[in-house]
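Participant: with the input below, show me the fold.
(one chain, ligands or ions: 1)
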Amino acid sequence: MATAQPNLFSFPSTDALAEQLRPYVLRAQNAALSRHDSFRIAVSGGSLPTVLARALLAPSNGSPEDTPQFAKWHIFFADERAVPLDHDDSNYRLLKDELLSKIPAELGAPVVHPIDADHVNDDDPQELADLYQEDLMRLFAAKDSVKLPIFDLILLGCGPDGHTCSLFPGHELLREKDSWVAAETNSPKPPPKRITLTLPVVTSALNVAFVATGAGKKDILKAIFDHEEGRDLPSALVNQGGGDKVSWFTDHPAVDGVSFPRRGSL
Ligand SMILES: O=C(O)[C@H](O)[C@@H](O)[C@H](O)[C@H](O)COP(=O)(O)O
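Facilitator: Here you go, the predicted model:
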């Protein structure tokens, strides 16, 4: 378990947050492209796609470092609901509406990895999870020795109960050690059937960033960063497993009165 502390960044507004999320994501992109030929990222649903779109669709300053090279991106979903891809509850649809459909043609198109739409109506989402894991393996497991996929960046939300991805407090999926992708059949938050990256995959990523905004997050962030009260919450487990690879992008209302071990400046 990592002992280093996560980084906290707090901004006066969501616009200011998005402005700083952009260089953070592009630094991860540029580092990834200096190591291999693609940028491997996973994203959640919730408010994240909107903030991400605001960050990435802003005008570039013209430098190569400040340019999203979308043609080299592989975008996966940190979690997804077992619904058709055009359903209102689909995280794929959300990302498409907010970001993918708005990327200017000259920036290129990312390779997007949605769930297999042929299996969204299965009674049990396990097949959906298995197929998604196979999709990950095609990109990440070129060698048999690969135990876990190493994402260049995973972008997460944090629910008011401390959940992240579709990993909910006290749930047995938090103990999953082997699978890369797990099925959830009875999510406490609707819709009930989902798939999710597992905790070992999240904490193995080279960079993990939470985006949490609004006064509604204050109580749960207090719990997550209070080691006693919230130490077993899923988002706190990401902090503990990821250490200083984890960053929190927040706004001032979300962290009002929260004492963080380490406040950063970008
Ligand atoms: O699948 C889900 O139920 C959502 O994607 C969920 O996990 C979301 O990421 C958090 O609840 C944070 O949501 P906000 O960013 O909207 O606060």
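
Participant: for Phe210, what are phi and psi?
Facilitator: phi -90, psi 140 (degrees, to the nearest 10).

Participant: ok, whichever residue of the stretch 151-266 of the chain sits closest to the ligand - contacts?
Facilitator: Residue nearest to the ligand within the stretch 151-266 of the chain (C-beta to the nearest ligand atom): Gly157, separated by 2.7 Å. Yep, even glycine has a C-beta here, placed from its N, CA and C like the rest. Taking C-beta atoms under 8 Å, 6 or more residues apart in numbering, we find Gly157 in contact with 44-48, 164, 210-212.

Participant: that one - nearest residue in space that isn't next to it in sequence?
Facilitator: With sequence-adjacent residues excluded and distances taken as C-beta to C-beta, 6 or more residues apart in numbering, Gly157 is closest to Gly46, at 3.8 Å.

Participant: distance of the residue of the stretch 151-266 of the chain closest to the ligand relative to Leu52?
Facilitator: 11 Å (C-beta to C-beta, to the nearest Å).

Participant: adding distance to Asp97, write the contacts of Gly157 out as CSV.
Facilitator: Below are the contacts of Gly157 laid out as CSV (distance: C-beta to C-beta, whole Å):
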residue, distance to Asp97
Ser44, 15
Gly45, 11
Gly46, 14
Ser47, 13
Leu48, 13
Thr164, 22
Phe210, 22
Val211, 18
Ala212, 22
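
Participant: nearest to Asp86, of those residues?
Facilitator: Closest approach to Asp86 among these (C-beta to C-beta): Gly45, at 14.8 Å.

Participant: surely the closest one touches Asp79?
Facilitator: Yes. Counting by C-beta atoms under 8 Å, Gly45 touches Asp79, with 7.2 Å between them.

Participant: overlap of the contact sets of the two?
Facilitator: Asn91.

Participant: report how many residues lie close to Asn7.
Facilitator: 21 (other C-beta atoms under 10 Å).

Participant: is it in contact with Val246, as I believe?
Facilitator: Yes. Proximity of Asn7 to Val246 meets the contact threshold set by C-beta under 8 Å, at 7.1 Å.

Participant: how much space separates the nearest residue to Glu65 once chain neighbours are set aside from Phe210?
Facilitator: Spatial nearest neighbour of Glu65, chain neighbours left out: Asn30 (5.8 Å); criterion: C-beta to C-beta, 6+ apart. Distance of Asn30 to Phe210, computed by C-beta to C-beta: 21 Å.
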